[in-house]
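Chemist: Could you work out the structure for the sequence below:
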Amino acid sequence: MGKPRWWAELSLIAVVYAAYTGGRLLVRGDEAAAVENGLAILRMEEALGIDAEHPLNRLFTDVPALGIPADFAYASLHYLVTPAILVWLFRRRPAHYRAARTWLMLSTLLGLVGFTLLPTCPPRLLDPVYGFTDTMAHFSAYGWWGGEASAPRGLGGMTNQYAAMPSLHVGWALWCGVMLWRYGRTPPAKALGVAYPLVTALVVMGTANHYLLDAVAGVAVMGAGLFLAAHVPRVAGRRVREPEAPPVVGGGWETSPGERIPGQRSVPTAADDTPIAR
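Modeler: From the prediction side, this is the model:
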């Protein structure tokens, strides 16, 4: 298989990302159902004692030195680091690029299915009685985002704010981490591969944009995407099959030198009817 062409790859990525973004805009979900789904997740976490969003959100709200950088990270790294890793793989690790790109794209489309089937209200949009603070709105004076979403001011209405389950912030960060760990050749690259998804998980919960189970679902979606990516070549018929041997059509008919019409020769046998090797 030849080296991937940059213009073909760019077109493919643009098509998938447009489908992902357009799907998020078109599939907004019912607000009441989204709120109920969000509360169901929160109640489940509280019952299990894993509702880590509350203490993280209070910490990020009370300490601007944590909350403001976290908001910047949430609003930007998702869209900067992932393309940078794709470009790095394309240029420096072309032998692994196609498999990595296919894994990322399939997982992204699976995430869109999750947004469609399970619209979920993030913690920041729940009633204040549940104890969450929208740090993006709280610190909006420090960044380009508005109070209604991580989008630029005035464009919050163009996003689906109920696309919380699964968290593709965490899913994409995990993909980046795996790529850095597997194909990075220096200890700092591998360390970044471990730190980036972990920090992203803390950021999405501390800013009240996702529940812990959203992050877990993001990891699960990446696992499902990896499984599907391993089987795409087989399903698409891209596996090269060994050519079958042509059938024998002679049927024992042979042509000797000087003969125009072949005659069928009998195989000489020994006394015990065993064919004699020629």
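Chemist: Report the contact partners of L39.
Modeler: By C-beta atoms under 8 Å, 6 or more residues apart in numbering, the residues touching L39 are C121, L126, Y130. Quick note: C-beta positions are derived from backbone N, CA and C, even for glycine.
Chemist: Which of the residues you listed has the largest number of neighbours?
Modeler: Using other C-beta atoms under 10 Å as the neighbour criterion, C121 leads those with 25 neighbours.
Chemist: export the contacts of L39 to JSON lines and tack on pLDDT and secondary structure?
Modeler: Below are those laid out as JSON lines (pLDDT from 0 to 100; DSSP: H, G, I helix; E, B strand; the rest coil):
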{"residue": "C121", "pLDDT": "93", "secondary structure": "coil"}
{"residue": "L126", "pLDDT": "94", "secondary structure": "coil"}
{"residue": "Y130", "pLDDT": "95", "secondary structure": "helix"}
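Chemist: which stretches of the protein aren't confidently modelled?
Modeler: Scanning the chain for pLDDT under 70 picks out 1-3, 6-8, 12, 16, 19-29, 146-159, 233-278.
Chemist: pull the longest helix from it.
Modeler: In the chain, assigned by DSSP state H, the helix with the most residues is helix 64-92.
Chemist: can you pull the buried residues of it?
Modeler: Judged by neighbour count (16 or more other C-beta atoms under 10 Å), helix 64-92 contains these buried residues: 66-68, 70-75, 77-78, 81-82, 85-86, 88-90.
Chemist: Give the other helices and strands that it contacts.
Modeler: helix 6-26, helix 53-62, helix 94-117, helix 135-138, helix 168-183, helix 187-206 (3 or more C-beta pairs under 8 Å, 6 or more residues apart in numbering; DSSP states H and E).
Chemist: just the angle between it and helix 187-206, please?
Modeler: 130 degrees (axes from the mean of the first three to the mean of the last three C-alpha atoms, to 10 degrees).
Chemist: contacting residues around the helix or strand encompassing A229?
Modeler: Applying DSSP states H and E as the criterion places A229 in helix 212-235. For helix 212-235, contacts defined as C-beta under 8 Å, 6+ apart pick out 41, 44-45, 50-53, 99, 102-104, 106-108, 110-111, 114, 120, 122, 164-171, 174-175, 201, 204-205, 238-239.
Chemist: how about the CA coordinates for it, as CSV?
Modeler: Provided in CSV are the C-alpha atoms of helix 212-235 (Å, rounded to 0.1, in the frame of the first residue of the first chain):
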residue,chain,number,x,y,z
LEU,A,212,-17.0,10.9,35.7
LEU,A,213,-19.1,8.3,33.8
ASP,A,214,-19.0,10.5,30.7
ALA,A,215,-15.2,10.1,30.8
VAL,A,216,-15.5,6.3,31.4
ALA,A,217,-17.9,6.2,28.4
GLY,A,218,-15.3,8.1,26.3
VAL,A,219,-12.7,5.5,27.1
ALA,A,220,-15.2,2.7,26.2
VAL,A,221,-16.0,4.4,22.9
MET,A,222,-12.3,4.4,22.0
GLY,A,223,-12.1,0.8,22.9
ALA,A,224,-15.0,-0.1,20.6
GLY,A,225,-13.5,2.1,17.8
LEU,A,226,-10.2,0.2,18.2
PHE,A,227,-12.0,-3.1,17.9
LEU,A,228,-13.9,-2.0,14.7
ALA,A,229,-10.7,-0.5,13.2
ALA,A,230,-9.0,-3.9,13.4
HIS,A,231,-11.8,-5.4,11.4
VAL,A,232,-12.5,-2.7,8.8
PRO,A,233,-10.1,-4.1,6.2
ARG,A,234,-11.7,-7.5,6.4
VAL,A,235,-15.2,-6.2,6.2
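Chemist: Check the offset of that helix from the chain's centre.
Modeler: 6 Å (C-alpha atoms, centre = their mean, to the nearest Å).
Chemist: If you count neighbours, what's buried in it?
Modeler: 212-222, 225-226, 228-229.
Chemist: and the contacts of helix 212-235, which are buried?
Modeler: Buried members of the contacts of helix 212-235, scored by 16+ other C-beta under 10 Å, are 41, 45, 51-53, 102-104, 106-108, 110-111, 114, 120, 122, 164-171, 174-175, 201, 204-205.
Chemist: which residues touch H138?
Modeler: T61, G67.
Chemist: Would you mind measuring from it to A70?
Modeler: 11 Å (C-beta to C-beta, to the nearest Å).
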